[in-house]
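K.L.:
Need coordinates for the below:
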Amino acid sequence: MLKSRNFLGAAALAVSFAVPAQAEELTVDSVMASVDGVEITLGHMLMVRALLPDQYQQLGDDVLWDGILDQLIQQQVLSADPLAKETARVRIALDNERRTQLASVVIAALADQAVTEEAVKAAYEAEYMTSEQGMEFNASHILVETEEAAQALVAELASGADFASLAQEKSTGPSGPNGGSLGWFSKGMMVAPFQDAVDNMEPGGIAGPVKTQFGWHVIKLNETRIKEAPTLEMVRAGLESQIRQKEVSKKIDDLVGLADVSRTKKEDVDTSILSKVDMLED
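P.N.:
Residues are numbered from 1 along each chain as shown. Okay, the predicted model is just below:
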């Protein structure tokens with residue numbers, strides 16, 4: 001954002017400001033200032049406000065008002081200066097910006113139309129109601145540095161030693177003080193050798209030694225349960241996002257498929273041309 005200051009010296013400018021109006025009376029076409037007959041509207045200010053960097057977005061509107069209006073006035077006088085030339089950079093940037101803004105309007109409209117309650121419910125049922133959610137596991141483990149130490153633990157447990165007590169005494173892992181308890185976890189949350197061992201255990205069983213990158217484990221599977229599906233409201237935001245993305249992607253693919261598109265193959269050009277941005281200054 002340009003700073004609010006008079007950097008134009010003694011240049012003769014005709015700048016006028018609009019008479020204040022109530023917010024409910026204003027529209028995007030309401031004139032906020034005029035520079036040599038060129039109107040600066042509330043719409044211009046709103047667009048600047050919408051595109052401000054994140055560090056400015058938290059500032060109050062009363063703080064931003066003068067800075068935004070000053071910026072637009074300064075840009076207007078600069079754009080009218082004899083040095084202002086419509087180079088290829090300016091012309092192409094305007095083409096790209098218009099294309100981007102129009103595409104954004106279509107994407108927003110498609111996204112809004114796609115998200116209906118029926119679509120959300122259908123996505124929820126497809127994701128969570130028509131397929132198994134899988135198992136959840138509750139397990140404990142004792143982590144030691146060597147296979148021999150793990151084998152010794154298995155022998156002690158076979159002789160009737162208490163798993164939690166051994167974990168508190170012998171485990172080098174962070175769960176040791178809690179008796180080795182890992183709590184509940186879903187398939188895939190643990191490293192593969194550990195998960196593979198758990199998958200083949202029955203509740204109450206002991207397995208080991210099991211080697212992972214963390215060391216040697218002795219594992220006890222405490223219990224299992226069927227993973228419950230989340231409620232619709234818990235996953236609504238994610239489902240709506242998926243619906244929007246799917247609909248927009250489908251529409252883009254459909255439109256591109258219907259359009260008469262020709263394109264230059266990158267094999268037919270020297271792609272280093274993309275780095276020659278100075279061509280835009282011609």
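
K.L.:
And for residue 156, nearest residue in space, chain neighbours not counted?
P.N.:
residue 166 (6.4 Å; CB to CB, 6 or more residues apart in numbering). Any C-beta I mention is one placed from the backbone N, CA and C, and that applies to glycine too.

K.L.:
and that neighbour, how far is that from residue 212?
P.N.:
Residue 166 sits at a distance of 19 Å from residue 212 (criterion: CB to CB, to the nearest Å).

K.L.:
quick one on the thing from earlier: if I look at the residue nearest to residue 156, how far off is residue 128?
P.N.:
39 Å.

K.L.:
Determine which residue lies closest to the centroid of the chain.
P.N.:
In the chain, the centroid-proximal residue (CA atoms, centre = their mean) is residue 241; its distance is 10.8 Å.

K.L.:
What distance do you get for it to residue 277?
P.N.:
In this structure, residue 241 lies at 35 Å from residue 277, with CB to CB as the measure.

K.L.:
show me where this protein has helices.
P.N.:
Counting by DSSP state H, one finds helices in the chain at the ranges 42-50, 54-57, 61-79, 88-114, 117-124, 147-158, 163-170, 192-199, 232-258.

K.L.:
which of those helices has the lowest average pLDDT?
P.N.:
Of all the helices of the chain, mean pLDDT reaches its minimum on helix 54-57 (a mean of 89).

K.L.:
List the residues that contact the nearest residue to residue 114 once chain neighbours are set aside.
P.N.:
Nearest in space to residue 114, with sequence neighbours left out and distances taken as CB to CB, 6+ apart, is residue 247 at 3.6 Å. In this structure, residue 247 makes contact with 110-111, 113-114, judged by CB atoms under 8 Å, 6 or more residues apart in numbering.

K.L.:
Please, a ChimeraX command that selects the buried ones among those residues?
P.N.:
The ChimeraX command for the buried members of the contacts of residue 247 (criterion: 16 or more other CB atoms under 10 Å) is given here:
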select :110,111,114
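
K.L.:
Could you identify the most distant pair in the contacts of residue 247?
P.N.:
Across those, the longest distance by CB to CB is 7.4 Å; it joins 111 and 113.

K.L.:
any idea how far the residue of the chain most remote from its centre is from residue 224?
P.N.:
Note on the chain: the largest C-alpha distance from the chain mean falls to residue 159, namely 52.9 Å (CA atoms, centre = their mean). When CB to CB is the yardstick, residue 159 and residue 224 sit 26 Å from each other.

K.L.:
Residue 110 too?
P.N.:
Distance, residue 110 to residue 224, by CB to CB: 43 Å.

K.L.:
ok, now residue 63?
P.N.:
Look at residue 63 and residue 224: by CB to CB, they are 57 Å apart.
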